[in-house]
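Trainee: Here is a sequence together with a model predicted from it:
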Amino acid sequence: MIDKRPRTPREVAAFSLFSMAEEGAWSDGALHYYLGRAALDSRDAALASRLVYGTVQNELLLDWYLRRFSSVRLKKIAPRVLACLRMGLYQLILMDKIPAHAAVAETVGLVRRYCHANERTVSFANAVMRNAAQAAEQGKLPALDCPDKESYYALRYSHPEWLVRLWSKQFGLKMAERLCQADNADAPISVRVNTLKASPADMQVELEAAGLTVTPHRAFPEILLCSGGDAAALPAFAEGKITIQDAASALAAAVADPQPGDTVLDCCAAPGGKSFAMAERMQGKGSVTSCDIYEHKLRRIKEGASRLGLPNIRTELQDAAAPREAWFSTADVVLCDVPCSGLGIIRKKPEIRYKDPAEIEQLPALQAKILQNCAQYVRPGGTLVYSTCTILQRENEDVVRAFLAQNPDFAAEAWSHPVCGERADGMVTLLPPVHDTDGFFIAKLRRKK
């Protein structure tokens, strides 16, 4: 992390992008850190956020333009200079309220101050930005020349072409474009009301009084979609009346449907949202065992349970792929939210789209191993829920169907919910442009008695 305290929105954004490039930081974590150090007003903080997310969301497109305005190959440009140029082009080409002269001058200033640049590099950055500004002002930006719609969507919305083609095959061409558009749109902060402490109506009033714009989710009365501020920084969060959780994650807990007094096992629990939601549904009765392989994540779950007033949550250091015989056939409900590609939450973590596809291809084997192992913990007649935050069929339906074929003592369980209607086969894939949720998959299974 850069030690210097940022003073302006562009410095916050540049420092965040530098941390991502040099330290592998996540965009949201880096941005939160530098916003905390900068103490900007709400308007400038919003600009900093838009610059970070907009630059990362459009990286492939910005690089395409940069190649046309730069005399130097991208691989030869220093990482910090490249980050500044991307952010500068984003302001020139994709934002409509930033004056061209401001985008040029601020970008060159960032290169001069923070990129260890000599005068030759500063002159290069100035030339790139002026060339782009002139082309934009004259309406002469190069046209996106692509052989087909999949490649056009991949470039226009900065998604890997392999992913757009996979979505087009799985969901159809029109939905593939809608998914790309949704990934690049501003996502509201999803707040779930802790109904043990407050009502959704009262919380909407309180959050609006704090300056947030609040819209109740159309299918989840306890989910409030917020914008215009940081809900996690408000007293309501510290008091445990709300927590940050997407409606899709909350739906997984609702589908599991634990009852007061049940024994519940959340096998891949961090950061704890589903454990919290299930414990609240159980009215603090029974037990929820939240597992993870990292102690620091378990500490965060404990802190969250204490803040929300949930005494029935306990944590266990446990690898979900490793059997624990003492738990065999003991749980009324087992939830497996398995490690996945994360391609359903691109709108919140835009850099996920740039993952190595070779690494993603290895995931179904691990997911199947975890599901097979954790199924042993379900008592006869109990519930097994499998979920992911991806929308790829090979990580979702394919894994569940293979499990059912190999385990005749389990069967899909039908369920319904206003967000997605009747699910006769027990499975649903949630899509951001359709369901107003993260991209998510949920399957409900029942162990036969």
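Mentor: Perfect, I can see it now. Residues are numbered from 1 along each chain as shown.
Trainee: just checking, what packs against whichever helix in the chain runs longest?
Mentor: Secondary structure of the chain per DSSP state H: the longest helix is helix 119-137. Counting contacts by 3 or more CB pairs under 8 Å, 6 or more residues apart in numbering; DSSP states H and E, helix 119-137 packs against helix 59-69, helix 79-89, helix 100-114. Where you see a C-beta, it was placed from the backbone N, CA and C, and this is true even at glycine.
Trainee: pLDDT of it, averaged?
Mentor: Mean per-residue pLDDT for helix 119-137: 96.
Trainee: How about the helix or strand just after it, which residues are buried there?
Mentor: Helices and strands here follow DSSP states H and E; after helix 119-137, the next one along the chain is helix 149-156. Buried residues in helix 149-156, defined by neighbour count with 16 or more other CB atoms under 10 Å: 150, 152-156.
Trainee: got the angle for the longest helix of the chain vs helix 59-69?
Mentor: Counting by axes from the mean of the first three to the mean of the last three CA atoms, to 10 degrees, helix 119-137 lies at 100 degrees to helix 59-69.
Trainee: residues making contact with helix 119-137?
Mentor: With contact meaning CB atoms under 8 Å, 6 or more residues apart in numbering, helix 119-137 is reached by 65-66, 69-72, 78, 81, 84-85, 88-89, 92-93, 100-101, 103-104, 107-108, 111-112, 115, 117, 140-142.
Trainee: try 6 Å this time
Mentor: The contact list for helix 119-137 (CB atoms under 6 Å, 6 or more residues apart in numbering) reads 69-70, 85, 88-89, 92-93, 100, 104, 107-108, 111-112, 141.
Trainee: likewise stretch 401-416?
Mentor: Stretch 401-416 has contacts (CB under 6 Å, 6+ apart) with 255, 371, 422-426, 444-448.
Trainee: care to break this protein down by domain?
Mentor: Under automatic domain parsing, the residue ranges defining each domain of the chain are 9-137, 149-183, 189-244, 247-447.
Trainee: chain center to the second one, what's the gap?
Mentor: Relative to its parent chain, domain 149-183 has a centroid offset of 18 Å by CA atoms, centre = their mean, to the nearest Å.
Trainee: Let me see the mean pLDDT of that domain.
Mentor: In the prediction, domain 149-183 has an average pLDDT of 98.
Trainee: Could you tell me the end-to-end distance of it?
Mentor: Start-to-end span of domain 149-183 (CA to CA, to the nearest Å) is 18 Å.
Trainee: Now do the buried residues in it.
Mentor: For domain 149-183, by 16+ other CB under 10 Å, it's 150, 152-159, 161, 163-168, 171, 173, 176-180, 182-183.
Trainee: Tell me which of those fall in helices.
Mentor: If you go by DSSP H, these have 150, 152-156, 161, 163-168, 171, 173, 176-180, 182-183 in helices.
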